[in-house]
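Engineer: Fold the following for me, if possible:
(chains A, B and C)
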Amino acid sequence: MTKLNSRFRIVLNPKRPYDFGLTVHKPAGWSLFSSFEVYENGKLWTALHIGNRLVGLKLHASGRRNARDIVIDAFTEKKPGKVFVNLVRGTLRAKLSADEDLKDFYSLAKRDKILTNTLKDLYGMHSTEDADLFSIALLAITLQMAPLKRSEEMLDSLIRNYGEVAEFDDRKVGVPPLPQTLANISAKELKSRCKLGYRARYIVKLAAVISRGFPSLEELRCLGQDEAKNKIMTLPGIGDYSADIINPGGGFPIDVWSADVFGKLFYGKEPKNGRKEIKRIKKEGVKRWGLWSWYAFFYVVNDLENLSKRLGITLRLQ
DNA sequence: GCGTCCAGGTCTACC
DNA sequence: GGTAGACCTGGACGC
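Structural biologist: Sure thing, here's the model as predicted:
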């Protein structure tokens, strides 16, 4: 448990449209930085590592509905200097996509029979960047070959057993372990303590590779979508699907579940064998939405219930 | 209660 | 370059 008693405030003025609630607390239940974060009455308490320091965050929106700022109270163990405050500001500005312009995506979505149905519910929702490469890679690996409930149990167990707890503002938020922590744990121990199965050896190898030095999410973003994906796929246990989840440049991560969803949306029926149809459905999505494929995926899976009603089809929820 | 099947992929060996 | 088979665990299902 790390007590974070020093506090400073950052205010971000995001590019409009920007819906704070939808962006930091996605309708599909995706967390911003940690599965242990808390969202109550329009406020989010979360935590992550920035520049090797644990930082607790309390975020809320302020101002008129169409001109709202993001107000962030940041908590650290020791009083930060000006350089660190600027680092936190820049990091959060990027991770919260405060400078992102969605004009081209909305222009595409308004002309698309599927996406146009999502705009009413999700207008102003931005995709956000995960806390760090290792955190999102852990999520991707625990999602492999497991129902969502089991994936959540594996990830929660990793955080409870090996993660850190940030205590600030009368809240406690667990954050995923650092790669250097898991690089020194045996796969056997990890497997039995966190019920990870064969994924344990991937995670230990992955932790070793990242802790020895690997481009950060920020650096991968600068490489461009294809080059970043090729680089990410060199990581142990990370294949095509997981790389599309991790890639900060975006991807179209189709697995068996989403193959059912997009199969219905594209062809009107669920594929008979989802696993065999993944390639075809992925190709269709990328052809249809191009550079905005990730955003299209993101808007569809966060609006399944409403899409089901509007299109008159049953889309399997997560 | 017990056995079998299989799930929101990836890797490896083999052809 | 393509593909079958192995890989953990736990819930669903049939008996």
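Engineer: and the nearest residue to A:Y162 once chain neighbours are set aside, which of the three is it?
Structural biologist: In space, and not counting its chain neighbours, A:Y162 is closest to A:P177: 3.9 Å by C-beta to C-beta, 6 or more residues apart in numbering. Every residue, glycine included, has its C-beta placed from N, CA and C. Of the three states, A:P177 takes coil according to DSSP: H, G, I helix; E, B strand; the rest coil.
Engineer: Isn't A:P177 up against A:G163?
Structural biologist: Yes. Assessed by C-beta atoms under 8 Å, A:P177 is found in contact with A:G163 at 4.8 Å.
Engineer: Distance of the residue of chain A found nearest DNA strand C relative to A:A74?
Structural biologist: For chain A and DNA strand C, the shortest gap (C-beta to the nearest atom of the strand) falls at A:G197, measuring 2.4 Å. As judged by C-beta to C-beta, to the nearest Å, A:G197 and A:A74 stand 37 Å apart.
Engineer: Settle it for me: which of those two has more neighbours?
Structural biologist: More crowded of A:G197 and A:A74, by other C-beta atoms under 10 Å: A:A74, with 24 against 13.
Engineer: State the mean pLDDT of stretch A:12-29.
Structural biologist: Confidence for stretch A:12-29, expressed as mean pLDDT, is 96.
Engineer: all helices of the stretch 1-150 of chain A, in order?
Structural biologist: For the stretch 1-150 of chain A, helices defined by DSSP state H, counting those that start in this stretch occupy the ranges A:20-24, A:82-95, A:103-110, A:116-122, A:133-143, A:148-162.
Engineer: Which positions in chain A make contact with DNA strand C?
Structural biologist: Neighbours of DNA strand C within chain A, by C-beta under 7 Å from any atom of the strand: A:145-147, A:149-150, A:191-192, A:195-199, A:201.
Engineer: Could you work out the most separated pair of those?
Structural biologist: For those, the farthest-apart pair by C-beta to C-beta is A:K149 and A:R201; their separation is 23.0 Å.
Engineer: Counting neighbours, go ahead and name the busier of the two.
Structural biologist: A:R201 (17 against 8).
Engineer: what residues does the helix or strand harbouring that one touch?
Structural biologist: Assigned by DSSP states H and E, A:R201 falls within helix A:199-212. The contact list for helix A:199-212 (C-beta atoms under 8 Å, 6 or more residues apart in numbering) reads A:133-134, A:137-138, A:141-142, A:144, A:154, A:158, A:178-183, A:185-188, A:190-191, A:194, A:196, A:235-238.
Engineer: From these, list just the buried residues.
Structural biologist: A:133-134, A:137-138, A:141-142, A:144, A:154, A:158, A:178-179, A:182-183, A:185, A:187, A:190-191, A:194, A:196, A:235-238 (16 or more other C-beta atoms under 10 Å).
Engineer: ok, and which of the residues you listed reach DNA strand B?
Structural biologist: Counting by C-beta under 7 Å from any atom of the strand, the members of these near DNA strand B are A:144, A:235-238.
Engineer: Which residues are in contact with the residue nearest to A:Y162?
Structural biologist: A:P177 neighbours (C-beta under 8 Å, 6+ apart): A:134, A:158-159, A:162-164.
Engineer: out of those, who's nearest DNA strand B?
Structural biologist: A:F134 (15.3 Å).
Engineer: centroid residue for chain A?
Structural biologist: Centroid-nearest residue in chain A: A:D130, 4.7 Å away (criterion: C-alpha atoms, centre = their mean).
Engineer: In contact with that one, which residues?
Structural biologist: A:33, A:95, A:136, A:139, A:217.
Engineer: Could you pick out the buried ones from those?
Structural biologist: A:33, A:95, A:136, A:139, A:217.
Engineer: Look up the closest residue to the fourth one, ignoring the ones flanking it.
Structural biologist: With sequence-adjacent residues excluded and distances taken as C-beta to C-beta, 6+ apart, A:L139 is closest to A:L155, at 6.3 Å.
Engineer: isn't that neighbour right up against A:A140?
Structural biologist: No. Taking contacts as C-beta under 8 Å, A:L155 lies outside contact range of A:A140: 10.4 Å.
Engineer: now the stretch 51-200 of chain A, which segments are flagged as low pLDDT?
Structural biologist: A:65-67 (pLDDT under 70).
Engineer: Show me which residues of it sit near DNA strand B.
Structural biologist: A:140, A:143-148, A:198.
Engineer: mind putting the residues you listed in TSV, distance to A:W289 included?
Structural biologist: Converted to TSV, these look like this (distance: C-beta to C-beta, whole Å):
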residue	distance to A:W289
A:A140	21
A:L143	22
A:Q144	25
A:M145	27
A:A146	28
A:P147	27
A:L148	24
A:Y198	33
